[in-house]
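Q: Give me coordinates for this.
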Amino acid sequence: MNKVILIGRLARDPEMRTTMSGANVTRFTLAVSRPFQDQNGERGADFINCVAWRKQAENIAKYCIKGSQVAIEGRIQTGSYDAQDGSKRYTTDIICDNCTFLGSKNNDGFTNPNSNSHSNFNESGTSIPTSDISEDPFKDFGEEIALSDDDLPF
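A: As a prediction, this is how the structure comes out:
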């Protein structure tokens, strides 16, 4: 079974393109905090490449920006290609089947915890009904990490 569920923040604005056949594809990098702390008591993050297709790709490109918090469900896909310098490059991406928009940063750079703007979209782009939760289901998941442009590896 190849199934991945991730919750994180977009490390940069998503990039949408259209294939020759007319299908939309959006690539984005998700910063996911690690469940443990280092020697200094700080949590690290993994930067995971994600790909969404068709209507879901349009929705992510339209509604998400750098810092937006999303939950994605999908699968791992590996591949390879020959680089211009002749070397072989290997890729690992998460192909998104479902994406839930959990929140975005406001003008001050902080997430509004009272925002009820949760939206779910499946691969076909249709909205998935969500229930309003009064208590944060991820309160025991770990501390939120704040990322600045200096923290990103690109």
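Q: For stretch 101-108, give the mean pLDDT please.
A: Stretch 101-108 shows an average pLDDT of 66 in the prediction.
Q: Report the beta-bridge partner residues of Ser80.
A: Here Ser80 sits in beta bridges with Tyr90, as judged by DSSP bridges.
Q: Next up, the contacts around it.
A: With contact set as Cβ atoms under 8 Å, 6 or more residues apart in numbering, Ser80 has these partners: Lys88, Arg89, Tyr90, Thr91. In short, each C-beta sits where N, CA and C put it, glycine included.
Q: quick one, helices of this structure?
A: Assigned by DSSP state H, the chain shows helices spanning 54-63.
Q: in it, which spans are strands?
A: Using DSSP state E, the strands of the chain run over residues 4-10, 15-18, 24-37, 43-53, 69-82, 88-103, 119-122, 127-128.
Q: Of all those, which one comes closest to Lys62?
A: Nearest to Lys62 among the strands of the chain is strand 15-18 (8.5 Å), distances taken as Cβ to Cβ.
Q: Give the other helices and strands that that closest one contacts.
A: If contacts are counted by 3 or more Cβ pairs under 8 Å, 6 or more residues apart in numbering; DSSP states H and E, strand 15-18 sits against strand 24-37, helix 54-63.
Q: Alpha carbons only: can I get that strand in CSV?
A: Extracted C-alpha coordinates of strand 15-18, given in CSV (Å, rounded to 0.1, in the frame of the first residue of the first chain):
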residue,chain,number,x,y,z
GLU,A,15,3.4,27.0,-9.5
MET,A,16,0.7,25.9,-11.9
ARG,A,17,1.4,24.9,-15.5
THR,A,18,-0.6,23.3,-18.3
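Q: For that strand, buried residues please.
A: Residues of strand 15-18 classed as buried under the neighbour-count rule (16 or more other Cβ atoms under 10 Å) are Met16.
Q: ok, it: who's next to it in the sheet?
A: The strands beside strand 15-18 in its sheet (DSSP bridges) come out as strand 24-37 (antiparallel).
Q: Averaged pLDDT, the strand it pairs with. What do you get?
A: Along strand 24-37, the predicted local confidence has a mean pLDDT of 93.
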